[in-house]
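S.K.: take a look and give me a structure for this.
(one chain, ligands or ions: 1)
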Amino acid sequence: MQLYKNLMRPLLFTLEPETAWHLSDLGLSQTWFWKIMGRGFQHHNEFLGATVAGIPIKNPVGLAAGYDKNCRFLPSLQELGFGYVMGGTITKDPRPGNPKPRVIRLKDQSALINALGFPGDGLEKVLSEISEMASVPKKSVRIMSVSGTDIPDIAECHQQLEPFCDAIELNISSPNTKGLRIFQEPAKLRSLLAEINQSRSKPILVKMPPFKLENGDDEKTLNLGRICLEEKVESLTVSNTIPIQHDGLAVGQGGLSGSPLFENTIAMVETYQAEFGDKIEINACGGISNGYQAYEALKSGASSIQILTSLIYEGPRVVQSINKELSELFTNRGDPRN
Ligand SMILES: Cc1cc2nc3c(=O)[nH]c(=O)nc-3n(C[C@H](O)[C@H](O)[C@H](O)COP(=O)(O)O)c2cc1C
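M.R.: Residues are numbered from 1 along each chain as shown. Purely as a prediction, here's the structure:
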């Protein structure tokens, strides 16, 4: 942690955010390095065992969608001690994403604003990447996030990628992609899930939009959760970035992530828990960067947590550090899930 925070982060943060990200990708492309170093990034404690979408995981900390959009670095990322790693979001066709600048750092808030708009290589390229990885032993559960603007495209991504992972997350909530939010219409969401259900053999997660700040209507969002439950979705990820305006972005608005989201994440998890109880699993996502926050999320009813922005601010040891703190809290305060 110290090496990253004292040396690497100050250097990376002198660069424009996307340039810094590509530089980190260079590091992640050295899978052999992470395989050797991986042992030092683990924290084992059998009491941390959890589930995501019903799948057993060694600890409740997952990597959120968006860090490895083209699934090129999953073999390295799985060495960092996560309970599960998420690749994607993958779309059927390659996409350039929005014009740059499209990522902004808010350093004083440990936050980011991104308006990437799903830049990605598309399904075919991702399939060739992950089929090459088939022989790499899986050290954590692997999930892939898919999205698109129409049902056939998403269904195709789902069908083709499902054999290469343990579950699929359907992203219906990116604030930065025109047309994607049509699946926040109840009838459209139901049709999408019905189509996916026809052929799926593994669990699905749905990534929900945030409350309040989108459409100004929590009830509307909760209703999407009810549809997911009726359509036998195993798990809801609560939630995505929060839409925000910023003049520094070429498109003028993006999604806020990182620390400012935390309280809203907990409030949303509590609301879902009150509504659905144990009928559907919840993954808390938004603003989590330490074990105390992870503990609070589990106590509020989440079965797992997902992180992204804290990985960028705190470095790769953040996973181990969250799990260590969680272990201590489990010992001192008890398992919050009981
Ligand atoms: C740079 C960036 C790219 C992202 N890309 C995606 C994406 O492709 N798909 C997705 O579902 N969420 C994406 N997200 C949202 C994250 O998965 C997560 O929901 C959000 O950042 C809140 O978690 P955090 O505060 O731990 O970062 C992205 C977030 C960031 C910061």
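
S.K.: any idea how far the residue of the chain found nearest the ligand is from residue 31?
M.R.: Nearest residue of the chain to the ligand: residue 66, at 2.2 Å (Cβ to the nearest ligand atom). (Glycine included, C-beta is placed from N, CA and C.) Distance, residue 66 to residue 31, using Cβ to Cβ, to the nearest Å: 20 Å.

S.K.: more neighbours: which of the two?
M.R.: residue 66 (22 against 18; other Cβ atoms under 10 Å).

S.K.: which residue ranges of the stretch 101-250 of the chain form helices?
M.R.: For the stretch 101-250 of the chain, helices defined by DSSP state H, counting those that start in this stretch occupy the ranges 123-132, 151-161, 186-199, 218-230.

S.K.: let me know which of these is tucked in deepest.
M.R.: helix 151-161 (a mean of 18; mean count of other Cβ atoms under 10 Å).

S.K.: any part of that helix near the ligand?
M.R.: No - using Cβ under 6 Å from any ligand atom, helix 151-161 stays clear of the ligand, with a minimum separation of 12.8 Å.

S.K.: return the residues of this structure in contact with the ligand.
M.R.: Within the chain, the positions lying close to the ligand (Cβ under 6 Å from any ligand atom) are 64-66, 69, 89, 103, 112, 114, 116, 145, 171, 174, 207, 240-241, 257-258, 261, 285-288, 307-310.

S.K.: please tabulate the helices of the stretch 101-250 of the chain in TSV, including the columns mean pLDDT.
M.R.: Formatted as TSV, the helices of the stretch 101-250 of the chain follow (pLDDT from 0 to 100):
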stretch	mean pLDDT
helix 123-132	92
helix 151-161	97
helix 186-199	97
helix 218-230	93
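
S.K.: which phi and psi does the nearest residue to residue 319 once chain neighbours are set aside have?
M.R.: Leaving aside its chain neighbours, residue 319 sits nearest to residue 81 (4.3 Å; criterion: Cβ to Cβ, 6 or more residues apart in numbering). Phi and psi for residue 81, reported as degrees, to the nearest 10, are phi 100, psi 10.

S.K.: and residue 81, what does it touch?
M.R.: Contacts were defined as Cβ atoms under 8 Å, 6 or more residues apart in numbering; by that measure residue 81 touches 38, 41-43, 59, 61, 319-320, 323.

S.K.: now it: how far from residue 316?
M.R.: Residue 81 is 9 Å from residue 316, by Cβ to Cβ.

S.K.: pLDDT below threshold where in the stretch 51-200 of the chain?
M.R.: Along the stretch 51-200 of the chain, the model assigns pLDDT under 70 to no residue.

S.K.: show me where it has its strands.
M.R.: 55-57, 61-63, 84-90, 103-106, 111-114, 141-146, 167-171 (DSSP state E, counting those that start in this stretch).

S.K.: CA atoms of the fifth one as CSV?
M.R.: Same thing as strand 111-114. The C-alpha coordinates for strand 111-114 follow below in CSV (Å, rounded to 0.1, in the frame of the first residue of the first chain):
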residue,chain,number,x,y,z
ALA,A,111,-13.5,10.3,-6.5
LEU,A,112,-13.7,10.1,-10.3
ILE,A,113,-16.1,11.4,-12.8
ASN,A,114,-16.2,9.3,-16.0
